[in-house]
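Participant: with the sequence up front, the predicted model follows.
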Amino acid sequence: MNTEKYIVRLSDEERQELETIVKKLKGTSQKVNRALALLHADTNGPDWTNEQIAARTGLTVRTITNIRQQLVTEGFEVTMNRKQRQLPAVPQKLDGLQEAQVIATRCGSPPEAPLQKIL
């Protein structure tokens, strides 16, 4: 009996999707590792402890705990697909009007330069 705090219970559809990801190595290595960890942690399947999963997959126990926690608290889709950022990594420096002014200045004709006497 597994004594983990976060219990993984996968539906048949979720289990089938995870098995497809593992068999076809579909997606990033992170996604495949998460799928392996969840398949091994499923209470309706092997129901392995975090230490057993870590020994089999090469993941750390902490990573497996985080995967379990994310599945229970945030759901299957968020666990398998990375969270999308709420804000961009770098905020925009110019708004649309300022950007249009810069483009107009850059694409316009150059300003008149006074003629200089060549020595």
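Facilitator: It's in. Quick caveat: nothing in here was measured; it's all calculated off a predicted structure. Residues are numbered from 1 along each chain as shown.
Participant: name the residue closest to the centre of the chain, please.
Facilitator: R82 (2.3 Å; CA atoms, centre = their mean).
Participant: secondary structure element holding the residue nearest to that one when sequence neighbours are not counted?
Facilitator: Counting by CB to CB, 6 or more residues apart in numbering, R82 lies nearest to Q30, which is 8.0 Å off, once chain neighbours are set aside. Where C-beta positions appear, they are placed from N, C-alpha and C, glycine not excepted. According to DSSP states H and E, Q30 maps onto helix 29-41.
Participant: what's the spacing between the host helix or strand of Q69 and its chain's center?
Facilitator: Per DSSP H and E, Q69 falls inside helix 61-74. Chain-centre distance of helix 61-74: 14 Å, with CA atoms, centre = their mean, to the nearest Å.
Participant: now for it, which elements pack on it?
Facilitator: In terms of contacts (3 or more CB pairs under 8 Å, 6 or more residues apart in numbering; DSSP states H and E), helix 61-74 is packed against helix 29-41, helix 50-57, helix 76-80.
Participant: do you know which of the ones you listed lies nearest R68?
Facilitator: Proximity to R68 (CB to CB) singles out helix 29-41 among the helices and strands packed on helix 61-74, at 6.0 Å.
Participant: report the buried residues of the closest one.
Facilitator: Residues 31-41 are the ones in helix 29-41 that count as buried (16 or more other CB atoms under 10 Å).
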